[in-house]
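Asks: just coords:
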């Protein structure tokens with residue numbers, strides 16, 4: 001005999017957040033994967049460099065919460081496609097300064113435009129006030145204080 005379970009998976013916050021993240025990511029993934037053959041960590045690295053300018057892999061990892069080996073693979077793929085240039089740090093030979101190349105900047109601008117449209121389509125499911133409240137609550141859960149932080 002199965003006792004009554006009052007736990008609702010459909011209302012479990014981690015489950016809901018994961019489902020929302022997966023479902024909303026798939027639509028955007030189709031664009032960067034089909035257009036540029038990129039994987040998720042590659043577009044995330046590209047967007048960090050496009051947004052913040054020159055960074056190290058370590059800086060991207062701290063900001064994006066991506067493990068360093070995944071960043072290394074993404075940087076290698078982006079460099080192979082000539083989207084990213086890598087310059088060894090003269091003071092710390094273990095570190096590289098990463099920067100978008102002109103081709104990387106063009107890909108970033110294209111993907112950013114698509115991301116803005118995709119974001120607007122997702123936000124259209126809500127009133128403007130609901131969308132801002134959702135963004136605010138998600139930033140709080142993610143520990144992101146300022147949506148436009150300075151490096």
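Replies: Perfect, thanks for sending it. What you see is a predicted model; the values in this text were computed from it and never measured. Numbers count the residues shown, from 1 in each chain.

Asks: from now on I want contacts and neighbour counts done on CA atoms only, so please keep to that.
Replies: Will do.

Asks: any idea which element residue 17 lies in?
Replies: Assigned by DSSP states H and E, residue 17 falls within helix 13-36.

Asks: ditto for residue 6
Replies: Going by DSSP H and E, residue 6 is not part of any helix or strand.

Asks: what residue ranges in the protein score low on pLDDT?
Replies: For the chain, the stretches with pLDDT under 70 are 1-2, 93, 146-151.

Asks: let's see it at 50
Replies: In the predicted model, the chain carries pLDDT under 50 at residues 149-151.

Asks: show me the helices in it, by range?
Replies: Ranges of helices within the chain are 13-36, 40-52, 57-64, 68-80, 102-123, 128-142, based on DSSP state H.

Asks: quote the end-to-end distance of stretch 84-98.
Replies: 7 Å (Cα to Cα, to the nearest Å).

Asks: distance check, the most centrally placed residue in the chain against residue 122.
Replies: In the chain, the centroid-proximal residue (Cα atoms, centre = their mean) is residue 44; its distance is 4.0 Å. Distance, residue 44 to residue 122, using Cα to Cα: 19 Å.

Asks: nearest residue to residue 67 in space, please, no chain neighbours.
Replies: Leaving aside its chain neighbours, residue 67 sits nearest to residue 61 (6.2 Å; criterion: Cα to Cα, 6 or more residues apart in numbering).

Asks: against residue 26, how distant is residue 58?
Replies: From residue 58 across to residue 26, the span is 27 Å (Cα to Cα).
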